[in-house]
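**Student:** Everything below, folded, please.
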Amino acid sequence: MLVRYSACLFAALFINVASANPKTTENQENNLTEQQTIHLVDKQIAAYNARNIDAFAATYHDDVEIYIYPNQLLLKGKTALIERYKQKFAALTMLRATSLQRIVKGNYLIDLERAESSTQPSQEITRCVELIATYEIEDGLIKRVTFKR
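**Tutor:** Below is the predicted model:
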């Protein structure tokens, strides 16, 4: 009886403390946001690798901005993104981006990525670069990307 009472008391205290602790709720929200951020960037990388322009563009905000570090604007807006990547996807026989290392905090994700591509029918890799890609997520879509080679 004492053991059962102690277990019930412990459970009640734990639930009470967890619900009264604003950090617990904040941490849970951050974890959810971070999971959503990871999922979105992984979805974008998969679409890039598949050279699927529609799925790729669907991961981006209408007002997306892509920069070359530190602040050289490469393109602005989803229309410009589609034009640029549609040409790239058509010109290459193979694309493969891989996340090598990742840091995630809320709606920000920083990847060390390896990007390999081929212009050959055999899909033999003709270009390979490693770069840092910083993604900022807004309204559930990629709003800003900065690349650093």
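**Student:** Do a quick rundown of the helices in this protein.
**Tutor:** 2-20, 22-50, 53-57, 78-91 (DSSP state H).
**Student:** other SSEs contacting the last one?
**Tutor:** If I follow you right, that is helix 78-91. Identification of packing neighbours for helix 78-91 by 3 or more Cβ pairs under 8 Å, 6 or more residues apart in numbering; DSSP states H and E yields helix 53-57, strand 60-68. C-beta here means a position set from N, CA and C on the backbone, and glycine is covered the same way.
**Student:** right, and the ones you listed - which one's nearest Gln123?
**Tutor:** Closest approach to Gln123 among the helices and strands packed on helix 78-91 (Cβ to Cβ): helix 53-57, 18.9 Å.
**Student:** Flag the shaky bits of the chain, pLDDT-wise.
**Tutor:** For the chain, the stretches flagged by pLDDT under 70 are 1-32.
**Student:** Just give me the residue closest to the centre of it.
**Tutor:** Geometric centre of the chain, nearest residue: Val41, 2.4 Å, by Cα atoms, centre = their mean.
**Student:** Next, count neighbours for Leu74.
**Tutor:** Using other Cβ atoms under 10 Å, Leu74 has 14 neighbouring residues.
**Student:** Ok, Ala47 next?
**Tutor:** Ala47 is flanked by 19 other residues according to other Cβ under 10 Å.
**Student:** Kindly report the same for Gly77.
**Tutor:** Residues lying near Gly77 (other Cβ under 10 Å) number 15.
**Student:** Kindly report the same for Asp63.
**Tutor:** Asp63 - counted by other Cβ under 10 Å - has 13 other residues nearby.
**Student:** and if you look at Lys78?
**Tutor:** Using other Cβ under 10 Å, Lys78 has 16 neighbouring residues.
**Student:** Wait, it touches Ile66, no?
**Tutor:** No. Applying Cβ atoms under 8 Å, one finds Lys78 not in contact with Ile66, separated by 10.8 Å.
**Student:** Tell me the span between the first and last residue of stretch 120-129.
**Tutor:** Criterion Cα to Cα, to the nearest Å; first-to-last residue distance in stretch 120-129 is 17 Å.
**Student:** Pull the number of nearby residues for Lys88.
**Tutor:** Counted with other Cβ under 10 Å, Lys88 comes out at 14.
**Student:** How about the contacts made by the nearest residue to it once chain neighbours are set aside?
**Tutor:** The shortest distance from Lys88 to any non-neighbouring residue, by Cβ to Cβ, 6 or more residues apart in numbering, is to Leu95 (7.8 Å). Counting by Cβ atoms under 8 Å, 6 or more residues apart in numbering, Leu95 touches Tyr48, Asn49, Arg51, Lys88, Phe89, Ala115, Glu116, Ser117.
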